[in-house]
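Undergrad: pasting the sequence and the predicted coordinates here, then a few questions.
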Amino acid sequence: MRFRDWATRVMLIFLMFAALILALFAGKAKNLQNNTTASNPEMTNWIQYPNMELQSVEKPESKSQDMLKSQTKTNRVAAKYITTQAFASYKPKYEIAQIHPSNYGERYPKDINGVPVNNEPIIVLHETGNSASSALHFFQTPHDNENIQASYHSLIKLDGTVVYLIPPDKRAFGAGNSVFDGPNGLETVKTNPNLPPSVNNFAYHVSLETPPDAWGNNNNQQTHSGYTEAQYDSLAWLIAQSQVPEDRITTHQAVDRSGQKVDPINFDFDKFLNLLNIYRQLRPIS
């Protein structure tokens, strides 16, 4: 065998080994990337959920408004809610349902008198009064009568499934004649000259599916068997994504001025707030 032929064969064998080694390294790198992604719950499957984030003004700690006006942004100390590892680990099932456009609308920048409105967001908790499928059927049905148009932004089924109905930037018709009595006093906005003022313009409405023992009796029912553990978990998980403080989370019964709404019946606020504090924490920022 001539030297040139021998050298050529040696070179080919070397190239084959080099290609094999590169392939092995590439495979290990890919596996390492996959394992890293799987070990970080915040990186997996989060993109599948629609955006629920609802902002609120980041209030400074122990500073008056007059002091704030004279301060620069770099000196302002405020706080922000940050979701926790428990939040990242909880993966509720979800659905997206299309609501008929007659049952929701746009948020108004001004009231009927042309006065700008700048209310911070609130979250209003409801219950469906019947099955989730019955509520969805109503929301998906066209309603020309303004007095019966209704909707939520989202609802949570008995098994904890989160049903996304309307994007947060839209106005759901969740509370007709309503006023929020909060830390800043009475808040309501009149956007329709034919209807009473309401909180809808600055509210995010979430409803829990009523347990079967109370289906169809929401107007007369004063008690029922209560909501499932999965519903409490999914509700806290959903609201943990917002920047709405606890003192701006309320109920349909609390904001109602018609005297007819009592939902959510038997809602355990302490249980809900404990879960909410597990899924998010307030962190100071500057």
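TA: Arrived safely, thanks for sending.
Undergrad: list the contacts of Pro101.
TA: Shown in contact with Pro101 (C-beta atoms under 8 Å, 6 or more residues apart in numbering): no residues. (Glycine included, C-beta is placed from N, CA and C.)
Undergrad: so how far is Pro197 from it?
TA: 23 Å (C-beta to C-beta, to the nearest Å).
Undergrad: which stretches of this structure form helices?
TA: Assigned by DSSP state H, the chain shows helices spanning 3-39, 65-70, 85-89, 132-139, 229-239, 252-255, 269-279.
Undergrad: lowest-confidence stretch among the ones you listed?
TA: Across the helices of the chain, helix 65-70 has the smallest mean pLDDT, namely a mean of 38.
Undergrad: let me know the pLDDT of Pro264.
TA: Pro264 carries a pLDDT score of 96 in this model.
Undergrad: and if you look at the one 4 residues further on?
TA: At Asp268 the predicted local confidence, pLDDT, stands at 97.
Undergrad: run a quick neighbour tally on it.
TA: Using other C-beta atoms under 10 Å, Asp268 has 13 neighbouring residues.
Undergrad: pretty sure it contacts Glu229?
TA: No: judged on C-beta atoms under 8 Å, Asp268 makes no contact with Glu229 at a distance of 10.8 Å.
Undergrad: burial count for the residue lying closest to Pro284 once chain neighbours are set aside?
TA: Of all residues not flanking Pro284 in the chain, Ala79 sits nearest, at 5.2 Å (C-beta to C-beta, 6 or more residues apart in numbering). By other C-beta under 10 Å, 16 other residues sit near Ala79.
Undergrad: same check, this time on Ile249
TA: 20.
Undergrad: then the one 10 residues further on?
TA: When neighbours are counted by other C-beta under 10 Å, Gly259 registers 8.
Undergrad: how much space between it and Asn130?
TA: Noted for Gly259: a distance of 21 Å to Asn130, by C-beta to C-beta.
Undergrad: for the residue nearest to the spatial centre of the chain, give me the pLDDT.
TA: Central residue of the chain (C-alpha atoms, centre = their mean): Met52, 3.5 Å from the mean position. At Met52, the pLDDT value in this model is 77.
Undergrad: need phi/psi at it.
TA: Backbone torsions of Met52, given as degrees, to the nearest 10, read phi -110, psi -10.
Undergrad: which ones are touching Lys80?
TA: Glu58, Gln243, Leu282, Arg283, Ile285.
Undergrad: tell me how far the fourth one lies from Arg248.
TA: I take that to be Arg283. In this view, Arg283 and Arg248 are 18 Å apart by C-beta to C-beta.
Undergrad: more neighbours, the two?
TA: Arg248 (22 against 9).
Undergrad: name the nearest residue to that one, sequence neighbours excluded.
TA: Leaving aside its chain neighbours, Arg248 sits nearest to Ile122 (4.6 Å; criterion: C-beta to C-beta, 6+ apart).
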